[in-house]
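Enquirer: Need the 3D shape of this:
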Amino acid sequence: MPLTWRRPLILMLCLLPMAWLVTQTLRQQLGADPATTLVHLTGHYTFYFLLITLAVTPLRRLVHWRRVHFRWLQPHRRMLGLTALFYALAHVCAYLVFILGLDFSVLGAELIKRPYILLTLPALVLLILLGATSTQNMMRRLGRHWRRLHSSIYLIAVLAWLHVLLQVRSNYEDAFIFGGLTLLLLGMRLYWRLRDSMRHP
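Expert: Take a look at the predicted model:
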């Protein structure tokens, strides 16, 4: 499929979860506590797209020798990363609007009661920085520093996982799945980096 056709198709797929959330909200189908459901789901979608973005390069490297390959997905990695940023902003906005009611006077008490919220602040700032520097122009201007900056997406994934883990009360299934996938993607990247450094010291 040509690149010009893939882009709008992938964009539509990326926005489908948000379209579903809006539809369910309007139909009042988000359960007894729709505010909490909105916050949780937007947070989960953020993590999903973070993992999908991180998985693009490993998929390309692992299956490039098969007939079915993922090189076609590489040009769309920026869009996937921006989608993760979009859902992260939606997650924060949903929390501020539907949980706090934009009453920032109680934010301090919330941070003390739920310290895992603090982990979202550096992750969100880094995601915004990655989004702002994801263009070709910024890549040229930053040079070798661009790659170092965008490697922080792994730190973002770890912070997001800790955010999920620390708020679990009984069911650790999501935390284990997110943590396992994050560790796998980090481990693969670390292995390849060490192997390449040994081959080309």
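
Enquirer: which residues in this structure form helices?
Expert: Applying DSSP state H to the chain gives helices spanning 3-26, 34-62, 77-94, 107-113, 120-132, 136-142, 144-150, 153-166, 173-199.

Enquirer: what helices or strands is the first one leaning on?
Expert: Applying 3 or more Cβ pairs under 8 Å, 6 or more residues apart in numbering; DSSP states H and E, one finds that helix 3-26 makes contact with helix 34-62, helix 77-94. Where you see a C-beta, it was placed from the backbone N, CA and C, and this is true even at glycine.

Enquirer: With the third one instead?
Expert: Judged by 3+ Cβ pairs under 8 Å, 6+ apart, helix 77-94 is in contact with helix 3-26, helix 34-62, helix 120-132.

Enquirer: deepest of the ones you listed, which one?
Expert: Ranked by average neighbour count under the criterion mean count of other Cβ atoms under 10 Å, the helices and strands packed on helix 77-94 are headed by helix 34-62 at a mean of 19.

Enquirer: related to what we said a few turns ago, want to try CSV for the helices of the chain, with mean pLDDT as columns?
Expert: Listed next are those as CSV, based on pLDDT from 0 to 100:
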stretch, mean pLDDT
helix 3-26, 87
helix 34-62, 89
helix 77-94, 92
helix 107-113, 84
helix 120-132, 91
helix 136-142, 87
helix 144-150, 84
helix 153-166, 89
helix 173-199, 83
